[in-house]
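Trainee: okay, structure incoming, though there's no sequence with it:
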C-alpha cells in the first residue's frame, strides 16, 4: 500500500540471469541510469552521475524479458523500489537499490521494436470428474400415471387455457 513506485529509463548493464525456482520463473539484470544535463560553459550535453539498479522480474514478465532484452539496450522499467543496507563479515556497510518490476519495455525514443505476442503457457490437463446431476425428479401426480403416456395427457390438459363464458 505505502510502496515507492518508480519509473526509470536507462540501459541494460548486465546480461539478464534467468532462474526457475519452485515459485516460478525469475530474472534479474542491472540497469544503468545516467542523468544528463546541459553544460552552459561547453554548450553541450554532459553525462552526470550513473545510478545502478538491480531489476527483478517474475512469472511471464521474466520469460519475456529473457527473450527480448540484451546488454546495452535502452529500456523503461516501472516497479516498486526497495533499498537495502547490509554489513557483511566486518566489511563496510553497503546499500543496494532493487526494483521489483511490474512492466519493462524498450525505450522507443531511442530505437524501434517489433512486438510479438507471447504464446499462452499450456495449461495442465484438468482431472475429469463426472458432472453431478443437478436436476430434481418431478413428483408423480398419482399412482395411475406410472404407465407411459398417462402423465403426458394430464400435463397437456393442464397447459391448455380454460375458456370462460
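Mentor: All right, it came through fine. Remember, it's a predicted structure, so these values are computed and weren't measured experimentally.
Trainee: poorly predicted segments of the chain, please.
Mentor: The chain contains residues with pLDDT under 70 at 1, 121-127, 129, 131-132, 134, 136, 141-165.
Trainee: residue boundaries of the strands in it?
Mentor: 5-12, 17-19, 26-39, 44-58, 74-86, 94-106 (DSSP state E).
Trainee: of all those, which one is nearest residue 139?
Mentor: With CB to CB as the measure, strand 44-58 is the member of those nearest residue 139 (56.6 Å). All C-beta atoms are positioned from the backbone trio N, CA, C, and that covers glycine.
Trainee: the closest one: which residues count as buried?
Mentor: For strand 44-58, a neighbour-count test (16 or more other CB atoms under 10 Å) marks 53-58 as buried.
Trainee: likewise stretch 78-90?
Mentor: Quick answer for stretch 78-90 (16+ other CB under 10 Å): residue 79.
Trainee: what residues does it touch?
Mentor: 3-7, 55, 93-104 (CB atoms under 8 Å, 6 or more residues apart in numbering).
Trainee: PyMOL command to pick out the buried ones of those?
Mentor: To isolate the buried subset of the contacts of stretch 78-90 in PyMOL, counting by 16+ other CB under 10 Å, use the following:
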select buried, resi 55+97+98+99+101+104
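Trainee: hang on, the earlier thing: closest to residue 65 among the buried residues of strand 44-58?
Mentor: Closest to residue 65, out of all of those and judged by CB to CB, is residue 57, at 5.0 Å.
Trainee: what bridges to the closest one?
Mentor: residue 27 (DSSP bridges).
Trainee: and it, how far is that from residue 12?
Mentor: According to CB to CB, to the nearest Å, residue 57 stands 12 Å off from residue 12.
Trainee: then residue 78?
Mentor: In terms of CB to CB, residue 78 sits 15 Å off from residue 12.
Trainee: equivalent analysis for residue 77, please.
Mentor: According to CB to CB, residue 77 stands 10 Å off from residue 12.
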